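Enquirer: Could you work out the structure for the sequence below:
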Amino acid sequence: MPQSTRLFPALLPNHPCHPQVVAYYFKQWQGFHMPFHRHDATEIMYTIHGFCEIEIQLSPTRTERVRLKKGEFILLNANIAHRLIVEDDEPCRMLNVEFRFTPHQGVMPSLQHLAAEEKQLNSLLEVQTAYLVLRDPDEVYHVMKSLVLELDKPADKSEFMIQLLFAQLLIRIARLRRESASSSLVQSEWYVKKSMDYMHQNYDREIQVKEIAGAVNLHPGYLQRIFKAVTGQTLMAYLTDIRMEKAQMLLLETDIPIADISDYIGVGSRQYFHLLFKAHTNLTPTDYRKSMNTHKHMYPEGS
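Expert: Below is the predicted model of the structure:
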């Protein structure tokens with residue numbers, strides 16, 4: 001198999017290395033047709049807003065064109081000829097990061113060592129493809145922004161922090177690839193998963209179905225239907241389960257006053273929280289804390 005068909009052809013098992021950023025930039029594009037070019041760095045091209053197309057020349061007789069929209073990105077192998085196309089009526093804002101692999105040094109584990117501990121990363125490093133296109137739920141973009149902000153620090157940037165963020169970036173991409181490749185989620189299942197993620201991140205405040213639907217760009221009624229079809233639960237029932245699990249953890253593992261627990265889980269009324277908790281566990285919050293503390297004293301960890 002030609003070297004160019006592997007996403008990371010420069011990586012060798014017996015030559016520990018780490019990624020090193022060589023270029024990075026935000027750029028607003030409009031009405032731009034880039035000529036074909038290639039460079040000796042692997043590139044991540046992330047679409048922040050709008051639309052663009054990437055044309056990739058895989059051989060003298062074969063090209064492929066990929067259309068990217070907001071929240072999608074391409075990871076492109078080094079030395080692959082490619083060009084960016086942005087139309088006049090569809091401007092596009094992007095974040096690009098280019099990197100090479102250099103011999104390992106410092107206290108941060110090498111990329112190969114990290115891959116040995118993180119099987120999804122290992123799979124990404126071994127993938128046989130010239131490029132990879134993925135949809136991001138903001139996780140990759142968040143890490144990319146943190147990385148370039150650290151790189152931009154004039155005096156006190158930390159090389160260790162840069163390596164740490166880049167390791168996180170590659171692991172995030174690897175996990176996205178695993179989800180995309182292994183689960184083969186149909187569109188409705190993808191929206192359900194993103195809705196679940198949103199609720200797990202926002203259970204501590206009052207949220208409504210229309211807000212969850214807005215976060216995944218769906219009509220509230222349609223999201224309600226597909227969520228119930230996939231999970232067997234309504235959105236609010238799932239959210240209540242999350243909140244009750246968090247309440248149990250807070251009652252068991254912290255000294256937060258019971259009267260304040262409702263504020264930590266997004267249930268504004270203390271009386272309503274007590275009713276929900278009793279329905280979920282058959283115990284009042286006070287009885288739950290007492291019974292669980294008694295159990296911990298009778299059966300301490302490690303006994």
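
Enquirer: CA only for contacts and neighbour counts going forward, please
Expert: Noted.

Enquirer: tell me the secondary structure for residue 205?
Expert: coil (DSSP: H, G, I helix; E, B strand; the rest coil).

Enquirer: My understanding was that it contacts residue 239; is that so?
Expert: No. Using CA atoms under 8 Å, residue 205 makes no contact with residue 239, being 11.0 Å away.

Enquirer: right, and residue 43 touches residue 76 too?
Expert: Yes. In this structure, residue 43 is within contact of residue 76 by CA under 8 Å, at 5.2 Å.

Enquirer: now residue 76, which residues is it bridged with?
Expert: Beta bridges link residue 76 to residue 43, residue 131, judged by DSSP bridges.

Enquirer: What is the neighbour count of it?
Expert: 23 (other CA atoms under 10 Å).

Enquirer: that's a helix at residue 78, yeah?
Expert: No. Looking at residue 78 with three-state DSSP, it is coil, so not inside a helix.

Enquirer: neighbours around it, how many?
Expert: Count around residue 78 with other CA under 10 Å applied: 23.

Enquirer: Could you give me the buried positions within stretch 34-49?
Expert: 41, 42, 43, 44, 45, 46, 47, 48, 49 (16 or more other CA atoms under 10 Å).

Enquirer: next one: stretch 97-104
Expert: Applying 16+ other CA under 10 Å to stretch 97-104 flags 97, 98, 99, 100, 101, 104 as buried.

Enquirer: so which of the residues you listed would you say is closest to residue 292?
Expert: residue 104 (48.8 Å; CA to CA).

Enquirer: Show the contacting residues for the closest one.
Expert: 16, 17, 18, 110 (CA atoms under 8 Å, 6 or more residues apart in numbering).

Enquirer: Would you format the residues you listed as a markdown table with pLDDT and secondary structure included?
Expert: Listed next are those as a markdown table, based on pLDDT from 0 to 100; DSSP: H, G, I helix; E, B strand; the rest coil:
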| residue | pLDDT | secondary structure |
| --- | --- | --- |
| 16 | 91 | coil |
| 17 | 92 | strand |
| 18 | 91 | strand |
| 110 | 92 | coil |
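
Enquirer: List buried members of these by neighbour count.
Expert: Buried, going by 16+ other CA under 10 Å: 16, 17, 18, 110, out of these.

Enquirer: these two touch, right, the first one and residue 114?
Expert: Yep, that's residue 16 we're talking about. No. In this structure, residue 16 is not within contact of residue 114 by CA under 8 Å, at 10.5 Å.

Enquirer: how much space between residue 76 and residue 7?
Expert: 7 Å (CA to CA, to the nearest Å).

Enquirer: what about the chain, any weak spots by pLDDT?
Expert: When residues are selected by pLDDT under 70, those of the chain lie in 1-5, 181-186, 293-303.

Enquirer: and residue 178, that one's in a strand?
Expert: No. Looking at residue 178 with three-state DSSP, it is helix, so not inside a strand.

Enquirer: show me what contacts it?
Expert: Contacts of residue 178 by CA under 8 Å, 6+ apart are residue 120.

Enquirer: State the distance from it to residue 47.
Expert: Going from residue 178 to residue 47 by CA to CA gives 21 Å.

Enquirer: residues contacting the closest residue to residue 227 other than its chain neighbours?
Expert: Leaving aside its sequence neighbours, residue 227 sits nearest to residue 192 (CA to CA, 6 or more residues apart in numbering; 5.6 Å). Residues near residue 192 by CA under 8 Å, 6+ apart: 223, 226, 227, 230.

Enquirer: 10 Å instead, please
Expert: 198, 213, 216, 223, 224, 226, 227, 228, 229, 230, 231, 235 (CA atoms under 10 Å, 6 or more residues apart in numbering).

Enquirer: thinking again about what came up before, spatially, which pair of the buried ones among the contacts of residue 104 is furthest apart? Let me know, please.
Expert: Longest span within the buried ones among the contacts of residue 104, CA to CA: 16 and 18, 7.2 Å.

Enquirer: what do the two both touch?
Expert: 101, 102, 103, 104, 105, 109, 110, 111, 112, 113.

Enquirer: Closest one to residue 129 out of the residues you listed, please.
Expert: For the shared contacts of residue 16 and residue 18, the nearest to residue 129 is residue 101 (18.0 Å; CA to CA).

Enquirer: got the contact list for that closest one?
Expert: 8, 10, 11, 16, 17, 18, 19, 20, 21, 41, 42, 111.

Enquirer: I'd like the distance between the second one and residue 101.
Expert: Going back to what we said before, that points to residue 10. 7 Å.

Enquirer: Any chance you could list residues touching both of the two?
Expert: 17, 42.

Enquirer: Run a quick neighbour tally on the closest residue to residue 284 other than its chain neighbours.
Expert: Take residue 284 and drop its neighbours on the chain: the residue closest to it by CA to CA, 6+ apart is residue 278, 5.1 Å away. Number of residues near residue 278 (other CA under 10 Å) recorded here: 16.
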